[in-house]
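**Q** this one's structure only:
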């Protein structure tokens, strides 16, 4: 739709105002002339003749004046002139015929004035309704086309022009079949003819998907709703058209993505089955030889410990320690697998309460530690209780472990609102880590400290990342070596 510049609108408004002022001035001149002529006739005629009735002409001029109260103003002027004519007439005043004459004239004048006002009000409401109707038709996003019972296009709104590419003068008074590709052209004639003969509506009053043809010859899908109505004694049909090409493309894309998603689900299910088989193998097949190694090395120590050299005994003890480490790694890997595959059961959780219970377990396992732990209260969320406890146990356990060499160790667990989401944090004043290696922090078996400094398998933070990911969140960390670390995470 072409926008008129502001200056153009102002000039149009000024022109319209000037035209209205000229029309009003003309009406006043005509009214004054008519009043003078009628008043002269009134004075020239005998008082008994209904010479006041012609003053109705002044009121009728209000039919052509834009200002609605003009008729009432003219009625007032006519009243003054009628009374003046009565008083100035050269006959005996007070005669009943003259009074009846003037009364009849005033009745006619004011009755006409009110009828003119009512007509003007009705006309104004019709004009306003027509303007609203045109505004709706011209601004609606759907194409609206009206045709007669011969299929001739009678009206064409701007949306129809945008959809089909035709200007109004290219389609008006032409058959609507120009907008239809085969086979809809023949079907259209059949539908209209059947409706006109039988009154049975097959598509009238109903919506359906059909194809339309644009000016450039391209065919596109559209929704069409047709309704019948009477106007000025003629049956017309209104078609509401909506281009659904974009929606069809979106539906096709959604179907394609759903198909790909279905394939991915199948592949994921197969992968999960393989993972379950691997977990079973790890749990059963690998533990058996480990138990054998542990048992035989223990038997050697018990049965031949006194005869073994010190170095040989130390080798056996290292074998047992590594078997224990391997067993612990198997447990951690199985735990990581369970975190990835476990069914989620979301429920309301108070993370503060869960964290307090985890801290109690840490203090019970290491009663000699003196660590100040500050846990914010009422940190409520929704999530899988078992997985969230695993997350808290790993993050609190990490902070507990890496503050073991810190005097006045302190651990903090809290939350705050940032950019519209809740961000949780674990902060400690322990060993910290080098941020240059932060990208390895959550990888399996990646350790930023040696086993001699801090024990661990290098799997705990991988488990934490999996738990956060399964809850639709993200996790990251900030640290300074020797000054502690802070782990942040979100949940959705």
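**A** Cool, got the structure. From a predicted model like this one, the values you see are computed outputs, not experimental measurements.

**Q** okay, and for the stretch 251-400 of the chain, where does confidence drop off?
**A** Low-confidence segments of the stretch 251-400 of the chain (pLDDT under 70): 271-286, 325, 329, 332-342.

**Q** can you map out the strands along it?
**A** Taking DSSP state E, counting those that start in this stretch as the test, the strands found in the stretch 251-400 of the chain are 346-350, 372-375, 380-384.

**Q** Would you mind putting those into CSV with mean neighbour count alongside?
**A** Quick note: C-beta positions are derived from backbone N, CA and C, even for glycine. Below are the strands of the stretch 251-400 of the chain laid out as CSV (neighbours: other C-beta atoms under 10 Å):
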stretch, mean neighbour count
strand 346-350, 12
strand 372-375, 15
strand 380-384, 17
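
**Q** Pipe those into a markdown table and attach distance to residue 303 per row.
**A** Shown next, in a markdown table, are the strands of the stretch 251-400 of the chain (distance: least, C-beta to C-beta, whole Å):
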| stretch | distance to residue 303 |
| --- | --- |
| strand 346-350 | 53 |
| strand 372-375 | 48 |
| strand 380-384 | 49 |
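
**Q** Tell me which of those strands sits nearest to residue 404.
**A** Comparing those against residue 404 with C-beta to C-beta, the closest turns out to be strand 372-375 (14.0 Å).

**Q** quick one: strands adjacent to the closest one?
**A** Here strand 372-375 has these sheet partners by DSSP bridges: strand 410-418 (parallel).

**Q** what helices or strands is whatever helix or strand comes next after the strand it pairs with leaning on?
**A** Later in the chain than strand 410-418, the nearest helix or strand by DSSP states H and E is strand 421-428. Packing contacts for strand 421-428, counted by 3 or more C-beta pairs under 8 Å, 6 or more residues apart in numbering; DSSP states H and E, involve helix 385-402, strand 410-418, strand 484-490.

**Q** Next, the buried residues of the first one.
**A** Residues of helix 385-402 classed as buried: 387-402 (neighbour count, 16 or more other C-beta atoms under 10 Å).

**Q** unless I'm mixing things up, residue 390 is touching residue 462, no?
**A** No: with contacts counted by C-beta atoms under 8 Å, residue 390 stays clear of residue 462, the gap being 11.7 Å.

**Q** ok, which stretches of the stretch 101-250 of the chain are helices?
**A** Secondary structure of the stretch 101-250 of the chain, counting by DSSP state H, counting those that start in this stretch: helices at 158-164, 168-171, 184-198, 245-281.

**Q** Can you classify residue 442 as helix, strand or coil?
**A** Put simply, residue 442 is coil when judged by DSSP: H, G, I helix; E, B strand; the rest coil.

**Q** ok, now how distant is it from residue 289?
**A** 31 Å (C-beta to C-beta, to the nearest Å).

**Q** Then residue 475?
**A** Counting by C-beta to C-beta - residue 475 and residue 289 are separated by 36 Å.

**Q** Quick check on those two: which one has the bigger neighbour count.
**A** residue 475 (21 against 11; other C-beta atoms under 10 Å).

**Q** Quick check: chain neighbours aside, which residue is closest to the more buried one?
**A** Nearest residue to residue 475, sequence neighbours excluded (C-beta to C-beta, 6 or more residues apart in numbering): residue 489, at 4.1 Å.

**Q** wait, isn't that neighbour in contact with residue 421?
**A** No: counting by C-beta under 8 Å, residue 421 is not a contact partner of residue 489; they are 11.0 Å apart.

**Q** Just want to know which of the two has more residues nearby.
**A** Neighbour tally, residue 489 and residue 421, criterion other C-beta under 10 Å: the higher count belongs to residue 489, 23 against 11.

**Q** per-residue pLDDT, that one?
**A** pLDDT for residue 489: 95.

**Q** May I see the domains of this protein written out as residue ranges?
**A** 6-138, 141-243, 257-323, 343-490 (automatic domain parsing).

**Q** Can you get me a residue count around the closest residue to residue 327 other than its chain neighbours?
**A** Of all residues not flanking residue 327 in the chain, residue 290 sits nearest, at 5.8 Å (C-beta to C-beta, 6+ apart). Look at residue 290: counted by other C-beta under 10 Å, it has 15 neighbours.

**Q** Check residue 58 too.
**A** Other residues near residue 58 come to 26 when the count uses other C-beta under 10 Å.

**Q** list the contacts for it?
**A** 31, 34, 35, 38, 74, 75, 77, 78, 109 (C-beta atoms under 8 Å, 6 or more residues apart in numbering).

**Q** Provide a list of residues in contact with the fifth one.
**A** The reference is to residue 74. For residue 74, the contact set (C-beta under 8 Å, 6+ apart) comprises 31, 58, 59, 61, 62, 113.
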